[in-house]
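In: Below are the sequence and a predicted model; questions follow.
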Amino acid sequence: MESKAKKILIYKVRNFSEKFDDTFAFVRENWKVLFKYLTYLILPVCLLQAISLNSYMETAFDMSSISSGKSSDMTNVLQSLGWSYGGIILTSMIGAMLLVSVVYGLMWIYERRDERLEGLTGSDFKPVLLKNLKRSGLAVLFFIGILILVMVLTAMLIAMLSPLIALPIVLVLMVVAIPLMLFMPVYLMEDIHLMPALQKTLRLGFGTWWSTFALILVLGFIVSFIQGIFAIPYYITVVVKTVMGMHDNGSEFFDSAGYSFMVYLFGVLQSYATYLLSTILAVGLALQYGHASEKKDHVTMEDNINRFEEL
């Protein structure tokens, strides 16, 4: 009988190579469970997102016909472009909420079960998933409010002082964005309220800023590269359809329902692959959070002491 691989601890101090290896080891060990829940929850979102993406791309290419005199209704085109882009943003937020809720919910269960994710049923996972969805939704609304506030304050400062003030603001936001990448693991994997989670995120994130940045850079590059490969068929078919649509010869085939459906399926594939591959980065950030928590707060030691006191 094949021996079971050693359990991957979430809360553990790791060097960069260990975080990198354990990220892929966790995905490799639990890919069936991750694939099942992510497909069940996110694939419907991809079906809707591909509709918005197709509409956006077609409308964007239609703008070229306006400048050449084929259309004069710029208002309708811009309105359609705005609605399509809004659909992409909305479905992307929903997809991201589902992604982090599933991944961090499963990692939370994995950490606490001796049998890990083996034998996990939908009824076992449902309470954790619903809790994470509520929390991730609250977090999205919170950060949208923060983003609007920052944009308003930036506009006011530019109006009162100088447009050059935008440069240091952007730099500060870029620096702060790195620690904030740990917010979802903190908020979804701990029994903690939103504001304390934000404070803890900034404390742990700035305390491990460089290692967090390095992990995001490397994993982000790998994930983005593979995502780009899955996006190639979609953009090729869209460009070919657009180019051939400018000519009369052969345009009927590229305007057919069959070709349009193929473009749509490639759009679904692109969105679906994007979410699945983003799981790698999400797992890496969770291990980075576990590394920072153990390094700064000695979580495992405190947990062992509490268990000893209960004996």
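Out: Right, received. Where do you want to start? Numbering: from 1, shown residues only.

In: Could you tell me how far residue 193 is located from residue 242?
Out: 50 Å (Cβ to Cβ, to the nearest Å). Just so you know, the C-beta spots here come from the backbone N, C-alpha and C atoms, and that holds for glycine as well.

In: okay, these two: which has more neighbours?
Out: For residue 193 and residue 242, the more surrounded residue by other Cβ atoms under 10 Å is residue 242, and the numbers stand at 16 against 10.

In: distance of that one from residue 262?
Out: 15 Å.

In: same thing with residue 169?
Out: Per Cβ to Cβ, residue 169 is found 44 Å from residue 262.

In: the helices in this structure, which residues?
Out: For the chain, the helices defined by DSSP state H cover 16-29, 31-67, 74-112, 122-160, 166-180, 183-189, 194-207, 209-245, 251-254, 257-297, 299-310.

In: Dump those helices to JSON lines, plus distance to residue 8 and mean pLDDT.
Out: JSON lines is the format used below for the helices of the chain (distance: least, Cβ to Cβ, whole Å; pLDDT from 0 to 100):
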{"stretch": "helix 16-29", "distance to residue 8": "5", "mean pLDDT": "95"}
{"stretch": "helix 31-67", "distance to residue 8": "13", "mean pLDDT": "86"}
{"stretch": "helix 74-112", "distance to residue 8": "8", "mean pLDDT": "91"}
{"stretch": "helix 122-160", "distance to residue 8": "18", "mean pLDDT": "93"}
{"stretch": "helix 166-180", "distance to residue 8": "24", "mean pLDDT": "91"}
{"stretch": "helix 183-189", "distance to residue 8": "14", "mean pLDDT": "96"}
{"stretch": "helix 194-207", "distance to residue 8": "20", "mean pLDDT": "95"}
{"stretch": "helix 209-245", "distance to residue 8": "16", "mean pLDDT": "91"}
{"stretch": "helix 251-254", "distance to residue 8": "49", "mean pLDDT": "72"}
{"stretch": "helix 257-297", "distance to residue 8": "8", "mean pLDDT": "94"}
{"stretch": "helix 299-310", "distance to residue 8": "14", "mean pLDDT": "51"}
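
In: how about these in a markdown table, adding distance to residue 10?
Out: Shown next, in a markdown table, are the helices of the chain (distance: least, Cβ to Cβ, whole Å):
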| stretch | distance to residue 10 |
| --- | --- |
| helix 16-29 | 9 |
| helix 31-67 | 15 |
| helix 74-112 | 5 |
| helix 122-160 | 15 |
| helix 166-180 | 19 |
| helix 183-189 | 8 |
| helix 194-207 | 14 |
| helix 209-245 | 15 |
| helix 251-254 | 50 |
| helix 257-297 | 4 |
| helix 299-310 | 9 |
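
In: Tell me which of the ones you listed is the most buried.
Out: helix 183-189 (a mean of 25; mean count of other Cβ atoms under 10 Å).

In: List the contacts of it.
Out: 10, 100-101, 104-105, 107-108, 132, 135-136, 139, 192, 194, 197-198, 200-201, 204, 282, 285-286, 288-290 (Cβ atoms under 8 Å, 6 or more residues apart in numbering).

In: Nearest the geometric middle of the chain, what residue?
Out: residue 96 (4.6 Å; Cα atoms, centre = their mean).

In: give the contact list for that one.
Out: Here residue 96 is in contact with residue 140 (Cβ under 8 Å, 6+ apart).

In: related to what we said a few turns ago, identify whichever of the helices of the chain lies nearest to residue 5.
Out: Nearest to residue 5 among the helices of the chain is helix 16-29; the distance by Cβ to Cβ comes to 6.1 Å.

In: how far off helix 257-297 does the closest one point, in degrees?
Out: Relative orientation of helix 16-29 and helix 257-297, computed by axes from the mean of the first three to the mean of the last three Cα atoms, to 10 degrees: 130 degrees.

In: Packing partners of helix 16-29?
Out: Contact partners of helix 16-29 among helices and strands, from 3 or more Cβ pairs under 8 Å, 6 or more residues apart in numbering; DSSP states H and E: helix 209-245, helix 257-297.
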